[in-house]
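Q: sequence first, then the predicted structure:
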Amino acid sequence: MKNWWLLLGLMTTLLACHRPAKIVEAQGEVILIDSTFDAIQDSDYVAYIAPIKADLERELNTPIGYAPVALEVHKPECTMLNWASDALLAMARQLSPEPVDVAVVNIGGMRCEWPAGDITFRHVFELMPFDNMLVVLTMKGSDLQQLCEIFAYGGGQGIAGMRIKAVGDRVMQQEALVTINGKPLEMEKTYTVATSDYLSQGNDGMLPLKNYIKCWNSEQKIRDLYIEYIKQVKTVQAKVDGRMGVSPRP
């Protein structure tokens with residue numbers, strides 16, 4: 001027992017004398033990862049992946065559809081936003097167990113434009129490099145109204161199945177300037193909105209989407225659904241039709 005007390009006393013003394021370490025100096029350097037490292041690459045590994053890379057390149061460059069004219073990205077409304085929202089709405093209506101009223105996509109999610117000509121797997125991956133999933137939200141009309149107000153103030157986003165007309169940077173509900181499938185938006189009515197799981201969390205300023213009553217998750221990537229849609233329709237085209245009747249903001 002005496003030895004235990006001696007050991008405890010020694011440990012207490014050591015701990016009492018111990019001072020926390022602190023950094024008194026730090027140095028670093030920037031190492032550029034560039035072509036200078038090519039000389040030290042693993043030649044065996046490069047040879048191993050070469051056929052895999054060639055197969056991937058072949059698949060990415062395989063045409064899946066054709067665009068008669070280029071699809072552009074800009075606010076308040078553009079051919080790419082209209083195509084992406086129309087495609088999402090069409091695929092959501094094929095997959096959802098309930099009817100789907102509208103679709104919403106964000107211009108920030110459109111990462112490239114498409115030229116006229118063949119549309120390949122690569123084009124879709126470049127447009128949508130994210131693994132966002134299609135979800136369908138059940139929402140009150142009043143929350144959709146707030147969302148439209150945000151779109152008007154921000155200078156536009158991508159919509160399908162819905163039309164917005166703003167007065168200045170506001171959408172006045174009493175003037176029925178928001179319509180869903182040709183009918184005025186009703187505040188107490190519920191609507192279904194196809195969008196991404198990312199936007200359903202209120203990201204990119206779309207806070208009203210967080211107020212959904214329920215959410216159905218398709219568990220399918222939007223990128224894959226775009227590919228399937230192109231395969232179905234073959235021709236990739238869209239037009240600016242005035243659905244986003246708001247003024248662009250600088």
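A: Structure's in. What do you need?
Q: so in terms of bridging, what pairs with residue 71?
A: residue 114 (DSSP bridges).
Q: next, count neighbours for it.
A: By other Cβ atoms under 10 Å, the residues close to residue 71 number 24. Where you see a C-beta, it was placed from the backbone N, CA and C, and this is true even at glycine.
Q: wait, what's in contact with it?
A: Residues in contact with residue 71 (Cβ atoms under 8 Å, 6 or more residues apart in numbering) are 78-80, 83, 113-114, 236, 238.
Q: how does it look with 6 Å?
A: Neighbour list for residue 71: 79-80, 83, 114 [criterion: Cβ atoms under 6 Å, 6 or more residues apart in numbering].
Q: which stretches of the chain form strands?
A: Assigned by DSSP state E, the chain shows strands spanning 63-67, 102-105, 117-120, 133-140, 158-160, 162-165, 178-180, 183-184, 190-196, 214-221, 244-245.
Q: number of residues surrounding the closest residue in space to residue 85 that isn't next to it in sequence?
A: Excluding the flanking residues, the one nearest residue 85 by Cβ to Cβ, 6 or more residues apart in numbering is residue 160, at 3.8 Å. The number of residues packed near residue 160 is 25, by other Cβ under 10 Å.
Q: cool, residue 166 as well?
A: Residues near residue 166, counting by other Cβ under 10 Å: 22.
Q: what's near enough to touch it?
A: Counting by Cβ under 6 Å, 6+ apart, residue 166 has contacts 152, 246.
Q: how close does it sit to residue 52?
A: Per Cβ to Cβ, to the nearest Å, residue 166 is found 51 Å from residue 52.
Q: and which of the contacts of residue 71 is nearest residue 245?
A: residue 79 (16.3 Å; Cβ to Cβ).
Q: my guess is the closest one meets residue 238, correct?
A: Yes - applying Cβ atoms under 6 Å, one finds residue 79 in contact with residue 238, separated by 4.4 Å.
Q: which residue is nearest the middle of the protein?
A: residue 109 (4.5 Å; Cα atoms, centre = their mean).
Q: and the spatially closest residue to residue 126 that is not a sequence neighbour, backbone torsions?
A: Spatial nearest neighbour of residue 126, chain neighbours left out: residue 112 (4.6 Å); criterion: Cβ to Cβ, 6+ apart. Main-chain dihedrals, residue 112, degrees, to the nearest 10: phi -160, psi 170.
Q: how many neighbours does residue 112 have?
A: Quick note: residue 112 (other Cβ under 10 Å) scores 15 neighbours.
Q: state the distance from it to residue 245.
A: 26 Å.
Q: please apply the same query to residue 162.
A: From residue 162 to residue 245 the distance is 11 Å (Cβ to Cβ).
Q: tell me which of the two has more neighbours.
A: residue 162 (25 against 16).
Q: for the more buried one, give me its contacts.
A: Residue 162 neighbours (Cβ under 6 Å, 6+ apart): 102, 180.
Q: start to end distance for stretch 191-207?
A: 17 Å (Cα to Cα, to the nearest Å).
Q: any chance of JSON lines for the strands of the chain, columns mean pLDDT?
A: Formatted as JSON lines, the strands of the chain follow (pLDDT from 0 to 100):
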{"stretch": "strand 63-67", "mean pLDDT": "97"}
{"stretch": "strand 102-105", "mean pLDDT": "98"}
{"stretch": "strand 117-120", "mean pLDDT": "97"}
{"stretch": "strand 133-140", "mean pLDDT": "98"}
{"stretch": "strand 158-160", "mean pLDDT": "98"}
{"stretch": "strand 162-165", "mean pLDDT": "94"}
{"stretch": "strand 178-180", "mean pLDDT": "94"}
{"stretch": "strand 183-184", "mean pLDDT": "94"}
{"stretch": "strand 190-196", "mean pLDDT": "98"}
{"stretch": "strand 214-221", "mean pLDDT": "98"}
{"stretch": "strand 244-245", "mean pLDDT": "93"}
